[in-house]
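K.L.:
Predicted model follows, preceded by the sequence.
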Amino acid sequence: MSISTPADEQLNCMTDNPDTSVRWSVSQIQSLLDMPFNDLIHHAQQTHRQHHDANAVQLSTLISVKTGGCPEDCGYCPQAARYHTGVENQEMLSLDEVVTAAAAAKVKGASRFCMGAAWRGPKQRDIDKMTEMVSAVKALGMETCATLGLLKPGQAQQLGEAGLDYYNHNLDTAPEFYDEVITTRYYKDRLDTLQEVRGAGINVCCGGIVGMGETRQSRAGLIAQLANLDPYPESVPINHLVQVEGTPLYGTEALDPLEFVRTIAAARITMPKAMVRLSAGRQEMSEAVQALCFLAGANSIFYGDKLLTTGNPEADRDQALLNKLGLRSI
Ligand code: SAM
Ligand code: DTB
Ligand code: SF4
């Protein structure tokens, strides 16, 4: 017997519209986050099953092609030059190093290779090197992704012509909380870069970070920003803050893990066709919480022993977790 709750009815009103350009208000998303946990997860799982294989998880491997020494002041980031975090600066990796790492990731089962750089944005000489890397990784038969910071007009086009499938650029948090975290670049700068990426016909990978001391309303605000992008991103990484000593956000009060799961569910419900990636923070998360994230609609992870500079579960441990849950990697 199925009992319809007031929360169900409210949600049906919000999600019955088949038009994917439907706009989500912050208060609608806050209502989702406020739902009884079981109702929220049930709806997220229903949405998930309508649009995706419920037992498939996509694997992306990250590499830092240029590490540390970044001029920006992102309060969460171990790579900002101004914080003393112990991250060693490293100049750009060679084409060979990147291709070798991508080939190894492919052997281990990753389908996408994401290249990250600690820049405010790339210079033309950086774009020249990145386009070589993108083409070479693409030639291995992998999907390519890059996250290089703000893009100037024309740069996305060059990356796209080289074979870039996805560009990752996060909004990070809600507009009203943003200034507490980053002051050296504006929200609008990020939206402009996303426009450049869309304009070049590259898939958008855009998400944010939770656990930075934001309120539930700010988590709703982040999801609303993402869901109201037109069209919404193809790929939505939801990161849990990895607290790194030396960064301003180190020591932030820990977020209840079930709040993180709720955020994943809201992303799934509001962006039904997107790949929702359970991103940074898995090393600090129990297997049970990760399983709840998959139940809430996450269907992608970063796979490999390292994110950019911080740890990620060992590949073997992830394979064991996927096996235990009967999840197939794609
Ligand atoms: N420098 C480029 C930029 O900021 O656009 C690309 C690399 S940057 C490290 C990519 C993303 O990683 C950030 O936007 C942020 O969302 C995420 N990130 C960085 N440090 C993190 C941390 N300590 N915990 C969780 N996510 C983090
Ligand atoms: C994203 O949203 N998360 C990844 C990827 N995109 C580039 C980065 C997480 C970084 C975590 C901190 C670090 O390892 O330096
Ligand atoms: Fe630099 Fe990116 Fe880190 Fe911000 S998140 S400090 S832009 S590397």
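P.N.:
Structure received. Residues are numbered from 1 along each chain as shown. Ligands and ions are numbered 1, 2, ... in the order given.
K.L.:
how about the residues of this structure near ligand 1?
P.N.:
76-77, 116, 118-119, 147, 149, 169-170, 172, 209, 239, 241-242, 244, 280, 308 (CB under 6 Å from any ligand atom). (C-beta placed from N, C-alpha, C; glycine too.)
K.L.:
Could you please name the strands the one helix or strand Thr61 maps to pairs with and the direction of each pair?
P.N.:
If you go by DSSP states H and E, Thr61 is part of strand 56-66. When pairing is defined by DSSP bridges, strand 56-66 lines up against strand 112-117 (parallel), strand 300-302 (parallel), strand 328-329 (parallel).
K.L.:
In CSV, list the ones you listed along with distance to Asp230, mean neighbour count and mean pLDDT.
P.N.:
Putting the strands paired with strand 56-66 into CSV (distance: least, CB to CB, whole Å; neighbours: other CB atoms under 10 Å; pLDDT from 0 to 100) gives the following:
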stretch, distance to Asp230, mean neighbour count, mean pLDDT
strand 112-117, 24, 25, 98
strand 300-302, 22, 24, 98
strand 328-329, 31, 14, 98
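K.L.:
Indicate which one of those is closest to ligand 2.
P.N.:
Minimum separation from ligand 2 across the strands paired with strand 56-66 (CB to the nearest ligand atom) falls at strand 112-117, 4.5 Å.
K.L.:
contact partners of the closest one?
P.N.:
58-66, 92, 98, 101-102, 105-106, 126, 130, 133-134, 137, 140, 142-149, 165-166, 168, 302, 308 (CB atoms under 8 Å, 6 or more residues apart in numbering).
K.L.:
can we see that at 7 Å?
P.N.:
Applying CB atoms under 7 Å, 6 or more residues apart in numbering, the external contacts of strand 112-117 come out as 60-66, 98, 102, 105, 133, 137, 142-148, 168, 308.
K.L.:
for stretch 40-48, same thing?
P.N.:
Here stretch 40-48 has contacts from Leu11, Leu32, Ala54, Arg262, Ala265, Arg268, Ile269, Pro272, Leu295, Ala296, Gly297, using CB under 7 Å, 6+ apart.
K.L.:
export those to JSON lines and tack on neighbour count and pLDDT?
P.N.:
As requested, the contacts of stretch 40-48 are arranged in JSON lines below (neighbours: other CB atoms under 10 Å; pLDDT from 0 to 100):
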{"residue": "Leu11", "neighbour count": "22", "pLDDT": "52"}
{"residue": "Leu32", "neighbour count": "27", "pLDDT": "98"}
{"residue": "Ala54", "neighbour count": "14", "pLDDT": "97"}
{"residue": "Arg262", "neighbour count": "25", "pLDDT": "99"}
{"residue": "Ala265", "neighbour count": "31", "pLDDT": "99"}
{"residue": "Arg268", "neighbour count": "28", "pLDDT": "98"}
{"residue": "Ile269", "neighbour count": "26", "pLDDT": "98"}
{"residue": "Pro272", "neighbour count": "19", "pLDDT": "98"}
{"residue": "Leu295", "neighbour count": "18", "pLDDT": "98"}
{"residue": "Ala296", "neighbour count": "28", "pLDDT": "99"}
{"residue": "Gly297", "neighbour count": "29", "pLDDT": "98"}
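K.L.:
Among those residues, which ones lie close to ligand 3?
P.N.:
Within the contacts of stretch 40-48, nothing lies near ligand 3 by CB under 6 Å from any ligand atom.
K.L.:
Of these, which belong to helices?
P.N.:
Among the contacts of stretch 40-48, the members falling in helices are Leu11, Leu32, Arg262, Ala265, Arg268, Ile269, Leu295 (criterion: DSSP state H).
K.L.:
Pick the one among those residues closest to ligand 1.
P.N.:
Distance to ligand 1 across the ones in helices among the contacts of stretch 40-48 (CB to the nearest ligand atom) is lowest for Arg262, with 17.9 Å.
K.L.:
Under the pLDDT cut-off, which ranges of this protein? List them.
P.N.:
For the chain, applying pLDDT under 70 flags the ranges 1-22.
K.L.:
show me where it has helices.
P.N.:
With DSSP H as the criterion, the chain has helices spanning 6-15, 26-34, 37-51, 95-108, 124-139, 155-162, 175-178, 187-199, 216-227, 257-270, 287-295, 315-325.
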